[in-house]
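Visitor: Everything below, folded, please.
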Amino acid sequence: MIELLLLVLTGAFAGTLGGLFGIGGGVVIVPVLYLVFMQGGADPEVATKTAIGTSLATIIVTSYRSIKAHAQRGAVNFDVLRRWGPFISLGAVLGAILARAVSGDVLLGFFAIGITGVAIQRLRGQRGAQKTISIPPLVQRILATLTGLFSALMGIGGGVIGVILLTLQGKPIHKAVATAAGFGMAIAIPGAAGFALLGLGQGEMEWAVGYVHVIAFLAVALGTLIFAPIGASLAHKLSAEKLSRVFGVYLLITAVLLLREAFFT
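Guide: Numbers count the residues shown, from 1 in each chain. Now for the predicted structure:
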C-alpha cells in the first residue's frame with residue numbers, strides 16, 4: 001500500500017510538472033519506478049527497462065490531459081504537431097528497438113546523463129531574449145526523429161527538447177510549452193507499445209506485459225490524470241522561474257544517485 005501511495009503521489013507530481021513545463025514527467029517517474037521495482041526484488045536489468053517502458057505508458061495519460069487543457073486556451077500549434085508527429089513516432093519506435101539491445105546499466109547511465117542536461121537547462125532559467133533561428137524542414141524532420149529516439153530511450157515525453165526547439169524558432173514560451181506537451185503522445189504510444197512487445201519473454205515482472213508494469217501504470221496514471229490540468233492552469237497564471245530551478249536541483253540530485261547505481265554498485 002505504501003508503494004502504491006508513493007506511485008500515485010509520483011504521478012500527481014509528474015502530472016503537475018507535465019502541465020506546467022510541457023514535459024511528460026518521465027524524469028520524475030523513471031527513478032521512482034526503478035527504486036520501487038528494485039525494492040520488490042526485481043532484476044536490475046528488467047527493473048530499468050520496465051521503469052522506462054511503464055513511464056512511457058503513463059506519459060500517454062499526462063500528455064493527453066496536458067494538451068487538452070492547453071488547447072482550451074488556444075495555445076497548441078497543431079500544425080507543428082502534424083508536421084513533426086510522424087517523425088517523432090518513428091524515432092520512438094527506433095528507440096524502443098535499440099533499448100532491447102542495450103544493457104540496463106547503460107540505459108540507466110544514459111538516463112542520468114540526459115536529465116543532467118535537462119537540470120542544467122532548468123537551472124539556467126530564461127536569460128533575456130533568445131535568438132530566433134530558422135531551421136530547414138529536412139533538419140526539423142531529423143531533429144524530430146532524434147527527439148523521439150532519445151526520449152524513448154529515457155522514458156520521457158520529449159517536452160524539454162521540444163520547448164527548446166520551438167522557442168529557438170521564435171514561438172512564445174507558453175505556446176512552446178503547450179505544443180511540446182503534444183510530443184508526448186507521439187512518443188509514448190509507439191514507445192510504450194514497443195517496450196511491451198519487445199519485453200515479452202524477457203523475464204518480465206509479475207503484473208507486467210513485457211516491459212510495462214500494469215499496476216504501476218494505473219497507480220501513476222491516476223495521479224497524472226487528476227493533476228496534469230492543474231499544472232497547465234498554473235503555466236498560464238504563474239512565472240515558473242523559481243519552480244524551474246528547484247526542479248533542476250532535484251534532477252541533479254537524482255542524476256548523481258542514478259549514476260552511482262549504474263556504475264558504482
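
Visitor: Look up the pLDDT of residue 137 for me, please.
Guide: Predicted confidence (pLDDT) at residue 137: the value is 87.

Visitor: what does residue 120 give?
Guide: 81.

Visitor: and residue 50, how far is that from residue 214?
Guide: In this view, residue 50 and residue 214 are 11 Å apart by CB to CB, to the nearest Å. Backbone N, C-alpha and C define where each C-beta goes, glycine included.

Visitor: between the two, which one's more packed in?
Guide: Taking neighbours as other CB atoms under 10 Å, residue 50 and residue 214 compare with residue 50 leading, 28 against 15.

Visitor: Now do the contacts for that one.
Guide: Contacts for residue 50 were tallied using CB atoms under 8 Å, 6 or more residues apart in numbering; they are 33, 37, 42, 199, 204-205, 208, 211-213.

Visitor: Which of the helices or strands spans it?
Guide: Secondary structure from DSSP states H and E places residue 50 in helix 44-71.

Visitor: Give me the distance between the very next helix or strand once past that helix and the centre of its chain.
Guide: Next helix or strand after helix 44-71 toward the C-terminus (DSSP H and E): helix 78-101. Centroid separation for helix 78-101 versus its chain: 13 Å, with CA atoms, centre = their mean, to the nearest Å.

Visitor: if we can go back for a sec, now do the buried residues in the helix holding residue 50.
Guide: Of the residues in helix 44-71, 44-67, 69-71 count as buried by neighbour count, 16 or more other CB atoms under 10 Å.

Visitor: quick one: that helix to chain centroid distance?
Guide: 6 Å.

Visitor: ok and it relative to helix 78-101, angle-wise?
Guide: For helix 44-71 against helix 78-101, the angle by axes from the mean of the first three to the mean of the last three CA atoms, to 10 degrees is 170 degrees.

Visitor: hmm, back to that, among the contacts of residue 50, name the ones in strands.
Guide: Judged by DSSP state E, these include 208, 212-213 as members of strands.

Visitor: least trustworthy helix or strand in the protein by mean pLDDT?
Guide: helix 241-263 (a mean of 70; mean pLDDT, DSSP states H and E).

Visitor: neighbours of residue 123, just the number please.
Guide: Residues within reach of residue 123, counting by other CB under 10 Å, total 15.

Visitor: Would you mind naming the helix or strand containing it?
Guide: Element membership for residue 123 (DSSP H and E) is helix 104-124.

Visitor: Give me the helices and strands touching that helix, please.
Guide: Counting by 3 or more CB pairs under 8 Å, 6 or more residues apart in numbering; DSSP states H and E, the packing neighbours recorded for helix 104-124 are helix 26-39, helix 44-71, helix 137-154, helix 159-168, helix 241-263.

Visitor: Including distance to residue 187, could those helices go into JSON lines?
Guide: Shown next, in JSON lines, are the helices and strands packed on helix 104-124 (distance: least, CB to CB, whole Å):
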{"stretch": "helix 26-39", "distance to residue 187": "9"}
{"stretch": "helix 44-71", "distance to residue 187": "7"}
{"stretch": "helix 137-154", "distance to residue 187": "5"}
{"stretch": "helix 159-168", "distance to residue 187": "9"}
{"stretch": "helix 241-263", "distance to residue 187": "19"}
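
Visitor: Nearest approach to residue 107 belongs to which of those?
Guide: Smallest distance to residue 107 across the helices and strands packed on helix 104-124 (CB to CB): 5.3 Å, for helix 44-71.
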